[in-house]
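>>> Sequence first, predicted model second:
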Amino acid sequence: MVRYQRPAWLDQKIIAQQNSPITEQSPQNAVDIFSRSTETKAIIAADEKAKELRKKEKLEKKARKREENEKKREELEKRMRDSVIARAAAEAEISSRSEDTHTSKRRRISADSRDASPEDSLLIGVLSPPKSLSPSRRRQPNQVISGGEFHLPSHSLNKSLPSRSAVIELSDDEDNTNTAHKDTDDDEPEAKTLTPPPADTGPNPVMDIFIEPNIPNTKPLLVQRKYKQTLKEVRHAWARVNNLTPTETSAMFLTWRGRRIFDVQSCKSMGIFLDHHGFPYMKSEDLGDQPIDKVAVVATTKAIVEAEKAAAELAKKQREEGYGQLVDEPKVRDFKLILQSKNYDEQRIRIKEDHTFQKVIDVVRKKCEIPDNLTINISFDGEMLDPEMAMKDSELVDEDPKDPILLDVHVR
(Lines give C-alpha, C1' and ligand atoms only; values in the text may rest on other atoms or scores of the structure.)
Protein backbone atom coordinates (compact mmCIF):
# COMPACT_ATOMS: atom_id res chain seq x y z
CA MET A 1 0.00 0.00 0.00
CA VAL A 2 1.37 3.47 -0.98
CA ARG A 3 1.33 5.88 1.96
CA TYR A 4 0.20 9.47 1.46
CA GLN A 5 2.97 12.06 1.31
CA ARG A 6 2.21 15.70 1.87
CA PRO A 7 3.16 18.21 -0.80
CA ALA A 8 6.50 19.95 -0.41
CA TRP A 9 4.97 23.41 -0.31
CA LEU A 10 2.79 22.39 2.61
CA ASP A 11 5.79 21.12 4.58
CA GLN A 12 7.64 24.35 3.91
CA LYS A 13 4.62 26.38 5.01
CA ILE A 14 4.31 24.47 8.25
CA ILE A 15 8.01 24.88 9.01
CA ALA A 16 7.84 28.60 8.27
CA GLN A 17 4.85 29.03 10.54
CA GLN A 18 6.59 27.20 13.36
CA ASN A 19 9.73 29.32 13.07
CA SER A 20 7.97 32.67 12.54
CA PRO A 21 7.04 34.77 15.61
CA ILE A 22 3.43 35.06 16.56
CA THR A 23 2.08 38.22 15.08
CA GLU A 24 -1.27 39.54 14.38
CA GLN A 25 -2.51 38.59 10.95
CA SER A 26 -4.90 40.40 8.74
CA PRO A 27 -8.27 38.82 8.04
CA GLN A 28 -7.23 38.31 4.43
CA ASN A 29 -4.15 36.26 5.43
CA ALA A 30 -6.27 34.18 7.78
CA VAL A 31 -8.72 33.48 4.99
CA ASP A 32 -5.86 32.40 2.67
CA ILE A 33 -4.42 30.04 5.22
CA PHE A 34 -7.82 28.50 5.97
CA SER A 35 -8.58 28.03 2.28
CA ARG A 36 -5.22 26.36 1.71
CA SER A 37 -5.71 24.00 4.64
CA THR A 38 -9.17 23.15 3.32
CA GLU A 39 -7.75 22.38 -0.13
CA THR A 40 -5.10 20.19 1.46
CA LYS A 41 -7.73 18.25 3.39
CA ALA A 42 -9.76 17.80 0.21
CA ILE A 43 -6.72 16.50 -1.67
CA ILE A 44 -5.92 14.08 1.11
CA ALA A 45 -9.52 12.86 1.23
CA ALA A 46 -9.57 12.40 -2.55
CA ASP A 47 -6.35 10.38 -2.43
CA GLU A 48 -7.70 8.16 0.34
CA LYS A 49 -10.90 7.60 -1.59
CA ALA A 50 -8.97 6.71 -4.75
CA LYS A 51 -6.87 4.21 -2.82
CA GLU A 52 -9.95 2.59 -1.34
CA LEU A 53 -11.51 2.32 -4.80
CA ARG A 54 -8.37 0.68 -6.22
CA LYS A 55 -8.24 -1.73 -3.32
CA LYS A 56 -11.90 -2.59 -3.78
CA GLU A 57 -11.46 -3.15 -7.52
CA LYS A 58 -8.49 -5.46 -6.86
CA LEU A 59 -10.47 -7.52 -4.36
CA GLU A 60 -13.40 -7.77 -6.76
CA LYS A 61 -11.07 -8.90 -9.56
CA LYS A 62 -9.60 -11.61 -7.33
CA ALA A 63 -13.08 -12.75 -6.34
CA ARG A 64 -14.20 -12.93 -10.00
CA LYS A 65 -11.09 -14.91 -10.94
CA ARG A 66 -11.65 -17.28 -8.02
CA GLU A 67 -15.26 -17.81 -9.08
CA GLU A 68 -14.18 -18.52 -12.67
CA ASN A 69 -11.64 -21.09 -11.48
CA GLU A 70 -14.25 -22.72 -9.27
CA LYS A 71 -16.68 -22.93 -12.20
CA LYS A 72 -14.02 -24.45 -14.48
CA ARG A 73 -13.10 -27.01 -11.84
CA GLU A 74 -16.74 -27.89 -11.26
CA GLU A 75 -17.29 -28.31 -15.00
CA LEU A 76 -14.24 -30.56 -15.28
CA GLU A 77 -15.35 -32.65 -12.29
CA LYS A 78 -18.85 -32.91 -13.76
CA ARG A 79 -17.46 -34.11 -17.08
CA MET A 80 -15.32 -36.67 -15.31
CA ARG A 81 -18.27 -37.88 -13.22
CA ASP A 82 -20.49 -38.12 -16.28
CA SER A 83 -17.79 -40.06 -18.08
CA VAL A 84 -17.35 -42.45 -15.15
CA ILE A 85 -21.12 -42.94 -14.91
CA ALA A 86 -21.37 -43.56 -18.65
CA ARG A 87 -18.53 -46.07 -18.54
CA ALA A 88 -20.12 -47.86 -15.55
CA ALA A 89 -23.44 -47.98 -17.38
CA ALA A 90 -21.76 -49.39 -20.48
CA GLU A 91 -19.96 -52.03 -18.42
CA ALA A 92 -23.21 -52.93 -16.66
CA GLU A 93 -25.00 -53.25 -20.00
CA ILE A 94 -22.24 -55.46 -21.39
CA SER A 95 -22.33 -57.60 -18.24
CA SER A 96 -26.12 -57.87 -18.45
CA ARG A 97 -25.94 -58.92 -22.10
CA SER A 98 -23.29 -61.51 -21.26
CA GLU A 99 -25.44 -62.93 -18.44
CA ASP A 100 -28.50 -63.04 -20.70
CA THR A 101 -26.51 -64.84 -23.39
CA HIS A 102 -25.14 -67.34 -20.86
CA THR A 103 -28.62 -67.94 -19.41
CA SER A 104 -30.23 -68.50 -22.81
CA LYS A 105 -27.40 -70.85 -23.81
CA ARG A 106 -27.84 -72.82 -20.59
CA ARG A 107 -31.60 -73.06 -21.14
CA ARG A 108 -31.05 -74.24 -24.70
CA ILE A 109 -28.63 -76.93 -23.54
CA SER A 110 -31.11 -78.03 -20.87
CA ALA A 111 -33.93 -78.20 -23.42
CA ASP A 112 -31.79 -80.19 -25.84
CA SER A 113 -30.84 -82.67 -23.14
CA ARG A 114 -34.51 -83.16 -22.12
CA ASP A 115 -35.64 -83.65 -25.71
CA ALA A 116 -32.86 -86.11 -26.55
CA SER A 117 -34.00 -89.74 -27.18
CA PRO A 118 -32.71 -92.65 -25.04
CA GLU A 119 -30.80 -93.94 -28.07
CA ASP A 120 -29.02 -90.62 -28.30
CA SER A 121 -28.17 -90.71 -24.63
CA LEU A 122 -26.52 -94.10 -25.12
CA LEU A 123 -24.45 -92.95 -28.08
CA ILE A 124 -21.45 -92.44 -25.85
CA GLY A 125 -20.24 -95.41 -27.83
CA VAL A 126 -17.73 -98.12 -27.52
CA LEU A 127 -14.19 -97.69 -28.69
CA SER A 128 -13.08 -100.06 -31.45
CA PRO A 129 -10.09 -102.31 -30.74
CA PRO A 130 -6.63 -101.00 -31.54
CA LYS A 131 -4.78 -102.22 -34.61
CA SER A 132 -2.40 -104.26 -32.53
CA LEU A 133 -5.23 -106.60 -31.40
CA SER A 134 -6.20 -109.58 -33.44
CA PRO A 135 -9.32 -109.15 -35.65
CA SER A 136 -10.67 -112.50 -34.42
CA ARG A 137 -10.79 -111.29 -30.84
CA ARG A 138 -14.43 -111.06 -29.77
CA ARG A 139 -15.71 -108.08 -27.81
CA GLN A 140 -18.37 -108.22 -25.12
CA PRO A 141 -21.39 -105.88 -25.42
CA ASN A 142 -20.86 -102.39 -24.01
CA GLN A 143 -17.20 -103.21 -23.43
CA VAL A 144 -14.85 -100.22 -23.53
CA ILE A 145 -11.59 -100.81 -25.39
CA SER A 146 -8.94 -98.12 -25.79
CA GLY A 147 -8.07 -96.65 -29.18
CA GLY A 148 -9.95 -96.37 -32.47
CA GLU A 149 -13.19 -94.61 -33.36
CA PHE A 150 -16.57 -94.62 -31.62
CA HIS A 151 -19.19 -97.10 -32.83
CA LEU A 152 -22.20 -98.77 -31.28
CA PRO A 153 -22.93 -102.52 -31.35
CA SER A 154 -26.25 -103.27 -33.01
CA HIS A 155 -27.44 -105.76 -30.42
CA SER A 156 -27.05 -103.23 -27.60
CA LEU A 157 -30.06 -101.24 -28.85
CA ASN A 158 -32.42 -104.19 -28.27
CA LYS A 159 -31.80 -104.20 -24.54
CA SER A 160 -33.56 -102.01 -22.05
CA LEU A 161 -32.11 -98.53 -22.18
CA PRO A 162 -30.98 -96.89 -18.96
CA SER A 163 -32.84 -93.82 -17.74
CA ARG A 164 -29.66 -91.88 -17.13
CA SER A 165 -27.02 -90.91 -19.63
CA ALA A 166 -23.42 -92.03 -19.19
CA VAL A 167 -20.49 -89.70 -19.38
CA ILE A 168 -16.87 -90.67 -20.14
CA GLU A 169 -14.31 -88.98 -17.91
CA LEU A 170 -10.53 -88.94 -18.41
CA SER A 171 -8.47 -88.91 -15.26
CA ASP A 172 -5.67 -86.36 -15.06
CA ASP A 173 -3.09 -88.74 -13.59
CA GLU A 174 -3.89 -91.68 -15.89
CA ASP A 175 -3.27 -92.23 -19.58
CA ASN A 176 -5.84 -90.91 -22.09
CA THR A 177 -6.60 -94.46 -23.16
CA ASN A 178 -7.93 -95.41 -19.70
CA THR A 179 -11.56 -94.35 -19.31
CA ALA A 180 -14.01 -94.43 -16.44
CA HIS A 181 -17.76 -94.13 -16.45
CA LYS A 182 -19.53 -91.63 -14.25
CA ASP A 183 -23.28 -91.27 -13.93
CA THR A 184 -24.82 -87.88 -13.36
CA ASP A 185 -28.37 -86.79 -12.59
CA ASP A 186 -27.82 -83.17 -13.70
CA ASP A 187 -29.23 -82.19 -17.07
CA GLU A 188 -27.66 -78.74 -16.93
CA PRO A 189 -23.97 -77.90 -16.64
CA GLU A 190 -22.89 -76.88 -13.18
CA ALA A 191 -22.44 -73.11 -12.89
CA LYS A 192 -19.16 -71.92 -11.37
CA THR A 193 -19.29 -69.23 -8.74
CA LEU A 194 -16.69 -66.51 -9.30
CA THR A 195 -15.26 -64.90 -6.19
CA PRO A 196 -14.76 -61.14 -6.67
CA PRO A 197 -11.26 -59.82 -5.90
CA PRO A 198 -10.82 -58.08 -2.54
CA ALA A 199 -11.45 -54.34 -2.57
CA ASP A 200 -8.41 -52.08 -2.50
CA THR A 201 -8.74 -49.98 0.66
CA GLY A 202 -5.36 -48.25 0.41
CA PRO A 203 -4.85 -44.49 0.12
CA ASN A 204 -6.07 -42.83 -3.07
CA PRO A 205 -4.75 -39.23 -3.11
CA VAL A 206 -5.32 -36.67 -5.84
CA MET A 207 -2.40 -36.37 -8.30
CA ASP A 208 -1.47 -33.29 -10.31
CA ILE A 209 -0.85 -34.29 -13.94
CA PHE A 210 0.77 -31.77 -16.30
CA ILE A 211 0.32 -32.49 -20.01
CA GLU A 212 3.08 -31.04 -22.18
CA PRO A 213 2.11 -31.05 -25.87
CA ASN A 214 4.43 -32.34 -28.58
CA ILE A 215 1.79 -31.68 -31.25
CA PRO A 216 1.88 -28.40 -33.19
CA ASN A 217 -0.73 -25.71 -32.44
CA THR A 218 -1.71 -27.16 -29.07
CA LYS A 219 -1.34 -25.87 -25.52
CA PRO A 220 -0.46 -27.52 -22.20
CA LEU A 221 -2.93 -28.45 -19.50
CA LEU A 222 -2.83 -29.22 -15.77
CA VAL A 223 -5.45 -31.66 -14.50
CA GLN A 224 -6.08 -33.54 -11.27
CA ARG A 225 -6.78 -37.24 -11.13
CA LYS A 226 -6.91 -39.73 -8.29
CA TYR A 227 -4.03 -42.15 -7.79
CA LYS A 228 -5.99 -45.28 -8.76
CA GLN A 229 -8.18 -43.81 -11.50
CA THR A 230 -7.47 -44.57 -15.14
CA LEU A 231 -5.86 -41.90 -17.33
CA LYS A 232 -8.24 -42.17 -20.27
CA GLU A 233 -10.20 -39.13 -19.12
CA VAL A 234 -6.96 -37.15 -18.81
CA ARG A 235 -6.20 -37.74 -22.48
CA HIS A 236 -9.77 -36.89 -23.54
CA ALA A 237 -9.81 -33.73 -21.39
CA TRP A 238 -6.64 -32.46 -23.09
CA ALA A 239 -8.15 -33.26 -26.50
CA ARG A 240 -11.34 -31.33 -25.65
CA VAL A 241 -9.39 -28.29 -24.45
CA ASN A 242 -7.40 -28.24 -27.72
CA ASN A 243 -10.55 -28.81 -29.86
CA LEU A 244 -9.30 -32.03 -31.46
CA THR A 245 -11.57 -34.05 -33.74
CA PRO A 246 -12.49 -37.64 -32.82
CA THR A 247 -10.01 -38.92 -35.41
CA GLU A 248 -7.21 -36.79 -33.99
CA THR A 249 -8.14 -37.81 -30.45
CA SER A 250 -7.90 -41.51 -31.29
CA ALA A 251 -4.53 -40.96 -33.02
CA MET A 252 -2.86 -39.15 -30.11
CA PHE A 253 -1.61 -40.72 -26.87
CA LEU A 254 0.37 -39.80 -23.76
CA THR A 255 3.91 -40.82 -22.86
CA TRP A 256 5.75 -40.78 -19.57
CA ARG A 257 9.54 -41.01 -19.52
CA GLY A 258 9.52 -42.21 -23.11
CA ARG A 259 6.95 -44.98 -22.53
CA ARG A 260 3.40 -44.95 -23.86
CA ILE A 261 0.53 -44.63 -21.38
CA PHE A 262 -2.55 -46.69 -22.23
CA ASP A 263 -6.08 -45.62 -21.30
CA VAL A 264 -6.48 -48.44 -18.76
CA GLN A 265 -3.37 -47.42 -16.83
CA SER A 266 -3.32 -45.31 -13.68
CA CYS A 267 -0.61 -43.53 -11.74
CA LYS A 268 -0.31 -46.66 -9.62
CA SER A 269 0.29 -48.97 -12.59
CA MET A 270 2.81 -46.50 -14.07
CA GLY A 271 5.26 -47.25 -11.27
CA ILE A 272 4.48 -44.42 -8.85
CA PHE A 273 4.42 -45.51 -5.20
CA LEU A 274 2.96 -44.03 -1.99
CA ASP A 275 4.76 -43.82 1.32
CA HIS A 276 3.13 -44.52 4.69
CA HIS A 277 1.86 -40.92 4.76
CA GLY A 278 0.25 -41.24 1.31
CA PHE A 279 2.76 -39.02 -0.53
CA PRO A 280 3.89 -40.19 -3.99
CA TYR A 281 7.51 -41.04 -4.80
CA MET A 282 9.61 -42.75 -7.47
CA LYS A 283 12.10 -45.57 -6.94
CA SER A 284 15.62 -45.07 -8.29
CA GLU A 285 18.56 -47.45 -7.99
CA ASP A 286 21.12 -44.64 -8.17
CA LEU A 287 19.47 -41.83 -6.19
CA GLY A 288 17.10 -43.79 -3.96
CA ASP A 289 13.44 -42.86 -3.42
CA GLN A 290 12.61 -39.49 -4.98
CA PRO A 291 9.40 -37.67 -3.88
CA ILE A 292 7.36 -36.12 -6.67
CA ASP A 293 4.72 -33.40 -6.56
CA LYS A 294 3.60 -33.51 -10.19
CA VAL A 295 3.44 -36.12 -12.97
CA ALA A 296 4.62 -34.63 -16.27
CA VAL A 297 3.41 -36.47 -19.39
CA VAL A 298 3.77 -35.67 -23.10
CA ALA A 299 0.94 -35.62 -25.66
CA THR A 300 2.17 -36.93 -29.01
CA THR A 301 1.32 -39.17 -31.97
CA LYS A 302 2.86 -42.23 -33.59
CA ALA A 303 4.03 -40.25 -36.61
CA ILE A 304 5.84 -37.70 -34.43
CA VAL A 305 7.51 -40.44 -32.36
CA GLU A 306 8.72 -42.24 -35.48
CA ALA A 307 10.03 -38.98 -36.97
CA GLU A 308 11.94 -38.22 -33.75
CA LYS A 309 13.45 -41.73 -33.71
CA ALA A 310 14.55 -41.41 -37.34
CA ALA A 311 16.13 -38.01 -36.65
CA ALA A 312 17.95 -39.39 -33.58
CA GLU A 313 19.28 -42.37 -35.54
CA LEU A 314 20.45 -40.09 -38.36
CA ALA A 315 22.21 -37.78 -35.90
CA LYS A 316 23.85 -40.76 -34.20
CA LYS A 317 25.04 -42.11 -37.54
CA GLN A 318 26.47 -38.74 -38.54
CA ARG A 319 28.29 -38.45 -35.20
CA GLU A 320 29.75 -41.92 -35.58
CA GLU A 321 30.89 -41.16 -39.10
CA GLY A 322 32.42 -37.88 -37.96
CA TYR A 323 34.21 -39.57 -35.08
CA GLY A 324 35.52 -42.24 -37.42
CA GLN A 325 37.08 -39.64 -39.68
CA LEU A 326 38.82 -38.02 -36.73
CA VAL A 327 39.94 -41.19 -34.96
CA ASP A 328 41.05 -43.32 -37.92
CA GLU A 329 44.83 -43.29 -38.35
CA PRO A 330 47.08 -45.03 -40.89
CA LYS A 331 47.96 -48.54 -39.88
CA VAL A 332 51.56 -49.15 -38.82
CA ARG A 333 53.18 -51.77 -41.07
CA ASP A 334 55.41 -54.64 -39.96
CA PHE A 335 58.54 -55.72 -41.85
CA LYS A 336 60.30 -59.08 -41.75
CA LEU A 337 64.10 -58.91 -41.45
CA ILE A 338 66.71 -61.62 -42.02
CA LEU A 339 69.98 -60.73 -40.27
CA GLN A 340 73.13 -62.54 -41.51
CA SER A 341 76.61 -62.45 -39.98
CA LYS A 342 79.87 -64.30 -40.65
CA ASN A 343 80.54 -65.33 -37.08
CA TYR A 344 76.95 -65.63 -35.70
CA ASP A 345 73.78 -67.51 -36.54
CA GLU A 346 71.16 -66.09 -38.83
CA GLN A 347 68.35 -64.25 -37.03
CA ARG A 348 64.80 -63.60 -38.21
CA ILE A 349 62.85 -60.83 -36.54
CA ARG A 350 59.80 -58.64 -37.16
CA ILE A 351 59.98 -54.87 -36.69
CA LYS A 352 57.48 -52.01 -37.02
CA GLU A 353 58.16 -49.21 -39.44
CA ASP A 354 58.29 -46.58 -36.68
CA HIS A 355 61.12 -48.38 -34.81
CA THR A 356 64.77 -47.35 -35.23
CA PHE A 357 67.63 -49.60 -36.34
CA GLN A 358 69.12 -49.30 -32.85
CA LYS A 359 66.30 -51.57 -31.67
CA VAL A 360 67.36 -54.11 -34.32
CA ILE A 361 70.94 -53.91 -33.02
CA ASP A 362 69.75 -54.45 -29.43
CA VAL A 363 67.77 -57.51 -30.47
CA VAL A 364 70.74 -58.98 -32.34
CA ARG A 365 73.08 -58.34 -29.39
CA LYS A 366 70.70 -60.09 -27.01
CA LYS A 367 69.93 -63.12 -29.21
CA CYS A 368 73.51 -63.69 -30.32
CA GLU A 369 74.94 -62.84 -26.87
CA ILE A 370 77.40 -60.31 -28.28
CA PRO A 371 79.48 -58.52 -25.60
CA ASP A 372 78.94 -54.81 -24.98
CA ASN A 373 82.55 -53.95 -25.85
CA LEU A 374 81.94 -54.97 -29.48
CA THR A 375 80.33 -52.62 -32.01
CA ILE A 376 77.45 -53.78 -34.20
CA ASN A 377 76.60 -52.16 -37.54
CA ILE A 378 73.85 -53.02 -40.04
CA SER A 379 74.06 -52.55 -43.81
CA PHE A 380 71.68 -52.94 -46.72
CA ASP A 381 73.12 -53.52 -50.20
CA GLY A 382 76.55 -52.39 -48.94
CA GLU A 383 75.30 -49.12 -47.37
CA MET A 384 75.53 -48.64 -43.62
CA LEU A 385 72.26 -47.76 -41.84
CA ASP A 386 72.15 -45.05 -39.18
CA PRO A 387 71.11 -46.59 -35.82
CA GLU A 388 69.09 -43.47 -34.97
CA MET A 389 67.11 -43.64 -38.24
CA ALA A 390 63.59 -45.04 -38.17
CA MET A 391 62.56 -47.79 -40.52
CA LYS A 392 59.98 -45.57 -42.24
CA ASP A 393 62.63 -42.90 -42.97
CA SER A 394 64.94 -45.27 -44.82
CA GLU A 395 64.73 -46.69 -48.32
CA LEU A 396 63.60 -50.03 -46.85
CA VAL A 397 60.09 -48.63 -46.46
CA ASP A 398 59.64 -48.96 -50.24
CA GLU A 399 60.01 -52.73 -50.01
CA ASP A 400 57.01 -55.05 -49.91
CA PRO A 401 56.16 -55.85 -46.24
CA LYS A 402 55.19 -59.40 -47.26
CA ASP A 403 58.72 -60.20 -48.49
CA PRO A 404 61.57 -60.53 -45.96
CA ILE A 405 64.42 -58.01 -46.19
CA LEU A 406 68.03 -59.27 -46.05
CA LEU A 407 70.41 -57.21 -43.87
CA ASP A 408 74.12 -57.76 -43.12
CA VAL A 409 75.39 -57.58 -39.54
CA HIS A 410 78.95 -56.44 -38.92
CA VAL A 411 80.52 -57.08 -35.51
CA ARG A 412 83.89 -55.43 -34.64
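Now that the structure is in, tell me what you want to look at.

>>> Please, where are all the helices along the stretch 151-300 of the chain?
232-241, 246-251 (DSSP state H, counting those that start in this stretch).

>>> how close does the nearest residue to Pro203 once chain neighbours are set aside sit to Gln358?
Using Cβ to Cβ, 6 or more residues apart in numbering and skipping the chain neighbours, the partner closest in space to Pro203 is Gly278 (4.1 Å). The way it works is simple: take the backbone N, C-alpha and C, and place the C-beta from them, glycine included. The gap separating Gly278 from Gln358 is 78 Å, by Cβ to Cβ, to the nearest Å.

>>> between these two, who's got more neighbours?
Gln358 (16 against 11; other Cβ atoms under 10 Å).

>>> domains in this protein, as residue ranges please.
Per the record, the chain has its domains at 8-15+32-102, 206-302, 334-411, by automatic domain parsing.

>>> Buried residues of the helix or strand harbouring Val360, list them for me.
Element membership of Val360 [criterion: DSSP states H and E] is helix 357-368. Across helix 357-368, burial judged by 16 or more other Cβ atoms under 10 Å covers Phe357, Gln358, Val360, Ile361, Val363, Val364, Arg365, Cys368.

>>> List of residues touching that helix?
337, 339, 341, 344-345, 347, 349, 351, 370, 372, 376, 378, 385-389, 391, 394, 407, 409 (Cβ atoms under 8 Å, 6 or more residues apart in numbering).

>>> what's the model's confidence in it, averaged?
Mean pLDDT, computed over helix 357-368, is 89.

>>> tell me the angle the following helix or strand past it makes with helix 357-368.
Beyond helix 357-368 on the C-terminal side, the first helix or strand identified by DSSP H and E is strand 376-380. Interaxial angle, strand 376-380 versus helix 357-368 (axes from the mean of the first three to the mean of the last three Cα atoms, to 10 degrees): 120 degrees.

>>> which intervals of the stretch 101-250 of the chain have sub-threshold pLDDT?
For the stretch 101-250 of the chain, residues meeting the criterion pLDDT under 70 lie at 102, 104-200.

>>> and with 80 instead?
101-202 (pLDDT under 80).

>>> Name only those of the contacts of helix 357-368 that count as buried.
Here, 16+ other Cβ under 10 Å leaves 337, 339, 341, 344, 347, 349, 351, 370, 376, 378, 385, 391, 394, 407, 409 buried among those.

>>> just to revisit the earlier point, can you list which of the contacts of helix 357-368 are found in strands?
Leu337, Leu339, Gln347, Ile349, Ile351, Ile376, Ile378, Leu407, Val409 (DSSP state E).

>>> Mind jotting down where the strands sit in the stretch 201-350 of the chain?
206-213, 221-226, 252-256, 259-261, 273-274, 280-282, 290-291, 295-301, 334-340, 347-352 (DSSP state E, counting those that start in this stretch).

>>> For those, give me JSON lines that also has distance to Asn243.
Conversion of the strands of the stretch 201-350 of the chain to JSON lines gives the following (distance: least, Cβ to Cβ, whole Å):
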{"stretch": "strand 206-213", "distance to Asn243": "13"}
{"stretch": "strand 221-226", "distance to Asn243": "12"}
{"stretch": "strand 252-256", "distance to Asn243": "13"}
{"stretch": "strand 259-261", "distance to Asn243": "22"}
{"stretch": "strand 273-274", "distance to Asn243": "35"}
{"stretch": "strand 280-282", "distance to Asn243": "31"}
{"stretch": "strand 290-291", "distance to Asn243": "36"}
{"stretch": "strand 295-301", "distance to Asn243": "14"}
{"stretch": "strand 334-340", "distance to Asn243": "72"}
{"stretch": "strand 347-352", "distance to Asn243": "72"}
